[in-house]
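Q: Need a 3D model of the sequence below.
(chains A and B, ligands or ions: 3)
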Amino acid sequence: MAIVFRQETFRDDFTYRNSPGNIRRFPFPFDRDEYMYSVNMEPHVRGQAGTVYESLIDVDEHYVAEMQDRALVLKEDPLRYQALPHMMAAQWDTLELLMEEQAAGYPEHFTLIRNGDRWRWINRPLGIDDTFTFGDRSTLPYDPFEYITRQAQGDFCIVDQRDGNLWMDAGMVTTQADWSLDFDIGMNFMEWHGPVPLAHQIGVFDRALKFLLKLQLGKPTRRFNWTMTINPRLDTSPENYHKWGPDRTTVTPDNVGEKVHLRVELQSLWRLPRSNAILFVIRCYLISMNELVTVPKWARRLHRVLKTLPPELVDYKGLTRYRDNTIAWLSKHDDGAPTSPGIFPD
Amino acid sequence: MSGGLAIAVRVSRIDTVAANIKRFRLVRHDGEPLPVFSAGAHVIVTMDDDGHRRRNPYSLMSAPHDTSGYDISVLRVAESRGGSAFLHEKLREGDALTISHPVNLFHADKRGRKHILLAGGIGITPFLAMMAEFDRANVAFELHYAMRSREHGAYWQELVERYGAHRVKLYFSAENDVLPVASLLHNQPLGTHAYVCGPDRMTDFVLRTARECGWPKSNVHSERFLAPISGKAFDAELLRSGIVVRVGDHESILEAVEAAGIDAPYMCRGGACGQCETAVVACNGVLAHHDVYLSEEEKASGRKVMICVSRFDGTKLSLDL
Ligand SMILES: Cc1cc2nc3c(=O)[nH]c(=O)nc-3n(C[C@H](O)[C@H](O)[C@H](O)COP(=O)(O)OP(=O)(O)OC[C@H]3O[C@@H](n4cnc5c(N)ncnc54)[C@H](O)[C@@H]3O)c2cc1C
Ligand code: HEM
Ligand code: FES
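A: Ligands and ions are numbered 1, 2, ... in the order given. The predicted model follows:
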């Protein structure tokens, strides 16, 4: 079924909304009424129609608007895309993976025709029809990694594996929850995770790294991460903190429903064939509180998660200024009834 | 599921390439292309030897971008428990095998300015793919290849022809030619990486010499074709499955567990990847750790064992499996 792409903005007048159908497929990340960091990883396999697991690289009604927002960010700040020179094979790996997955999941919107090294890529939503030589940088208008991630939702990091560690050696990062590629590039797994509270102490990163070093070709894995954002803004980067930081003080008991958004990252990790690097996909989904409470189970559960969230996480995720207002607002949607297991609506 | 998704293949061609070494070309059963891989990768080959299932890792030696088939080369080992003997003596062109997706535990450092490859005997296989990749990407490399004799060594003539004598140096021990490890590792430019794959003694010697020459650990890479070392048979209690398995003298714990129908995780089956790490709940005896994965402290603690290669001598071993 063809997706109807919305015309909307993630800045200035913030016209971003989810259609009712898109709300039902929102990846609500909490499978119980409280939250703490853990090695929450599972095989990234296809799931039911009508969920974000329908395709392994998810495309939804926000695709075109997100790609326009990315182009704006890159125009203002080209350093949101970076790739170290030794990552060229991984760039081509990523281009192949994203083209193949998008074409397989959405044949009405994307087509990939491979004729040896001569490839033709048709992206109908963005009006692109390019023929190029796989492996020859000069036949594309951008680096292969930049080219394809200007046409794929979510942020992307490619991490190189060496010396028993992972190194952030390439990235396209324009929709991030307050971290900077320009700062993290060249760092290893433990270094870039440095600011995260509590997780180091309980061994989450030691175990996650061991697991990722052994990630196998053909067996991608996934996990959720989440935070909250005021206004449906994709680019909440440290570089632009002056633009979005002050939004946090604008939340009042009356505007929680439209201003406060749950921000969920469906992260998938893929071993890449030619380079043996790992592609880390951070697919970001936003939902306003008004939209979220149309699913009663999610309203009850988010209320409880926020109430019991450890203070270190409240602080790290930057929720302090508006958490109380949000809990008070959500409490009207929580009758205390038990919630069913799992993440899906009842 | 363990060891990656399985791929059904057919042996399209078998060639004898040296005394005791055969090359096998594997193509996909359904005629589709195989996955591209990164140089240094191996696959686990599963063989059905008269109802006896054997699984051995073999390095992919063909060019990584060639997806029409994979080539492996196998040395017939003298006291084979079956794997290399089966491949050499029973397998015929057209026969079916199953392989895992490629796994790479021996990748080249992509930032390296120059790569020195030290091969001993059958340890040449991962380097064949690496050289194809370096050559294609125009990266500087040198191969130093030690063999028993001209008859026992595989591919050396082709390699000299393809890459030139300035990049391929040969050493035949039958002719009293010795690989000059120390002088090679001395005075290399900054940013050089060294790789060794060969008999254990050679690997140990190279690693020790590199350390003595002041090479940073991160610039020296090795792969060992470890195989389960045999010993006395013993029993292992699998607590979660609630059974006791007998591990035969020529069998690994992993093989015994699989024969009992239990799907234990594995990847390299060679003590290197860490996938088969198993918690030891009770141990009345001595664990013989043959892996290169656990740290010395972990080995000494006796609380973990890599069941693909390590063994046990004693009265009671209970595993969290
Ligand atoms: C990552 C990796 C890559 C590899 N790549 C290759 C490759 O490209 N080509 C290749 O030929 N091999 C390769 N190997 C080795 C291969 O997997 C097998 O181990 C090898 O083919 C021998 O298998 P087998 O079943 O015939 O012998 P096994 O029975 O497994 O015997 C293995 C070794 O143990 C010795 N042995 C057996 N029984 C005894 C005993 N009672 N006492 C003392 N010693 C004993 C044998 O002499 C032999 O050297 C690789 C191994 C690894 C881990
Ligand atoms: C290689 C892949 C990965 C990359 C590139 C990556 C990158 C990042 C970055 C850049 C941050 C922000 C840190 C900051 O505040 O500056 C972060 C946060 C975090 N990461 Fe990762 N990560 C990866 C894999 C994982 C995995 C496998 C786990 C599994 C447990 C994990 C757990 C976390 C957690 C818990 C946080 C804190 C998030 C929050 O509370 O908002 N990461 N990661
Ligand atoms: S399977 Fe790799 S260490 Fe045992």
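
Q: what's near enough to touch residue A:16?
A: For residue A:16, the residues meeting the contact criterion (Cβ atoms under 8 Å, 6 or more residues apart in numbering or on different chains) are A:6, A:8, A:9, A:10, A:62, A:65, A:232, A:286. Every residue, glycine included, has its C-beta placed from N, CA and C.

Q: Now for residue 252, how many residues are close by?
A: No chain was given, so I picked chain A. 11 (other Cβ atoms under 10 Å in any protein chain shown).

Q: Not quite, go with chain B.
A: Residue B:252, neighbours per other Cβ under 10 Å, totals 27.

Q: That one touches residue B:307, doesn't it?
A: Yes: Residue B:252 is in contact with residue B:307 according to Cβ atoms under 8 Å; the separation is 6.7 Å.

Q: who's in contact with the helix with the most length in chain A?
A: As assigned by DSSP state H, the longest helix anywhere in chain A is helix A:88-105. With contact meaning Cβ under 8 Å, 6+ apart, helix A:88-105 is reached by A:54-59, A:83, A:109-112, A:119, A:121, A:134-135, A:137, A:143-145, A:147-149, A:151-152, A:156, A:158, A:160, A:169-170, A:270, A:272-275, A:277, A:279, B:38, B:110.

Q: Contacts only, for the residue in the stretch 201-321 of chain B that chain A sits nearest to.
A: Proximity of the stretch 201-321 of chain B to chain A (Cβ to the nearest Cβ) peaks at residue B:218, 4.4 Å away. Residues in contact with residue B:218 (Cβ under 8 Å, 6+ apart) are A:162, A:163, B:109.

Q: hmm, try it at 6 Å
A: Listed by Cβ atoms under 6 Å, 6 or more residues apart in numbering or on different chains, the contact set of residue B:218 reads residue A:163.

Q: Checking it next. Helix, strand or coil?
A: Using DSSP: H, G, I helix; E, B strand; the rest coil, the structure places residue B:218 in helix.

Q: quick one: pLDDT of residue 160?
A: In the absence of a named chain, this looks at chain A. Here, the pLDDT recorded for residue A:160 equals 97.

Q: meant chain B, my bad for not saying
A: For residue B:160, the model assigns a pLDDT of 98.

Q: since we're on it, how many residues are nearby?
A: Count around residue B:160 with other Cβ under 10 Å applied: 17.

Q: Show me what the residue most central in space within chain A is bridged to.
A: Note on chain A: the residue nearest the mean C-alpha position is residue A:283, at 2.2 Å, using Cα atoms, centre = their mean. Beta-bridge partners recorded for residue A:283 (DSSP bridges): residue A:266.

Q: hang on, residue B:12 in a helix?
A: No: assessed with three-state DSSP, residue B:12 is strand; it does not lie in a helix.

Q: which one among the contacts of residue A:16 gets closest to residue B:96?
A: residue A:62 (47.0 Å; Cβ to Cβ).

Q: Name the nearest residue to the closest one, sequence neighbours excluded.
A: In space, and not counting its chain neighbours, residue A:62 is closest to residue A:6: 6.3 Å by Cβ to Cβ, 6 or more residues apart in numbering or on different chains.

Q: Can you verify my assumption that that neighbour contacts residue A:61?
A: Yes: counting by Cβ atoms under 6 Å, residue A:61 is a contact partner of residue A:6 at 5.0 Å.

Q: What residue in the stretch 151-300 of chain A comes nearest to ligand 3?
A: residue A:214 (8.5 Å; Cβ to the nearest ligand atom).

Q: Just the mean pLDDT for stretch B:108-117, thanks.
A: Averaged over stretch B:108-117, pLDDT sits at 94.

Q: Sort out which residues of it are buried, please.
A: In terms of neighbour count (16 or more other Cβ atoms under 10 Å in any protein chain shown), stretch B:108-117 has its buried residues at B:108, B:109, B:110, B:112, B:114, B:115, B:116, B:117.

Q: possible to save those as a markdown table with distance to residue B:294 and secondary structure?
A: Conversion of these to a markdown table gives the following (distance: Cβ to Cβ, whole Å; DSSP: H, G, I helix; E, B strand; the rest coil):
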| residue | distance to residue B:294 | secondary structure |
| --- | --- | --- |
| B:108 | 25 | coil |
| B:109 | 24 | coil |
| B:110 | 28 | coil |
| B:112 | 28 | coil |
| B:114 | 32 | strand |
| B:115 | 28 | strand |
| B:116 | 28 | strand |
| B:117 | 27 | strand |
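
Q: Can I get the residues you listed in TSV including distance to ligand 2?
A: Below are these laid out as TSV (distance: Cβ to the nearest ligand atom, whole Å):
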residue	distance to ligand 2
B:108	20
B:109	18
B:110	17
B:112	22
B:114	29
B:115	26
B:116	30
B:117	29
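
Q: so which of those comes closest to residue A:334?
A: Distances from residue A:334 to the buried residues of stretch B:108-117, taken by Cβ to Cβ, are shortest for residue B:110, at 51.8 Å.

Q: Give the helix, strand or coil label for the residue of the stretch 201-321 of chain B found nearest ligand 1.
A: Nearest residue of the stretch 201-321 of chain B to ligand 1 (Cβ to the nearest ligand atom) works out as residue B:270 at 2.5 Å. Secondary structure of residue B:270, reduced to three states by three-state DSSP: coil.

Q: how about the residue in the stretch 101-250 of chain B positioned nearest to chain A, what does it touch?
A: Using Cβ to the nearest Cβ, the closest approach of the stretch 101-250 of chain B to chain A is made by residue B:110 at 3.8 Å. Contact analysis of residue B:110 by Cβ under 6 Å, 6+ apart lists residue A:86.

Q: before we move on, which element is residue A:257 in?
A: Element membership of residue A:257, judged by DSSP states H and E, is helix A:256-259.

Q: What of residue B:46?
A: strand B:41-49.

Q: Can you give me the buried ones in that strand?
A: B:41, B:42, B:43, B:44, B:45, B:47.

Q: got those residues as CSV, with pLDDT and distance to ligand 3 columns?
A: Below are the buried residues of strand B:41-49 laid out as CSV (pLDDT from 0 to 100; distance: Cβ to the nearest ligand atom, whole Å):
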residue, pLDDT, distance to ligand 3
B:41, 97, 14
B:42, 96, 11
B:43, 95, 14
B:44, 93, 9
B:45, 95, 14
B:47, 93, 17
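
Q: Run through the bridge partners of the nearest residue to residue B:99 once chain neighbours are set aside.
A: Distances taken as Cβ to Cβ, 6+ apart put residue B:43 closest to residue B:99, at 4.3 Å, once the chain neighbours are dropped. Bridge pairing for residue B:43 (DSSP bridges) gives the partners residue B:58.

Q: residues contacting residue B:43?
A: Per Cβ under 6 Å, 6+ apart, neighbours of residue B:43: B:99, B:100, B:102.

Q: Please apply the same query to residue B:321.
A: Per Cβ under 6 Å, 6+ apart, neighbours of residue B:321: B:238, B:240, B:278.

Q: any idea which element the residue most central in space within chain B lies in?
A: Geometric centre of chain B, nearest residue: residue B:225, 3.7 Å, by Cα atoms, centre = their mean. Using DSSP H and E, residue B:225 falls within no helix or strand.

Q: before we move on, the earlier item: ok, which pair from the buried residues of strand B:41-49 is furthest apart?
A: Every pair of these checked by Cβ to Cβ; the farthest is B:41 and B:47, at 19.3 Å.

Q: ok so, going back, gap between the residue of the stretch 101-250 of chain B closest to chain A and residue A:161?
A: Plainly put, residue B:110 is 10 Å away from residue A:161 if you go by Cβ to Cβ, to the nearest Å.
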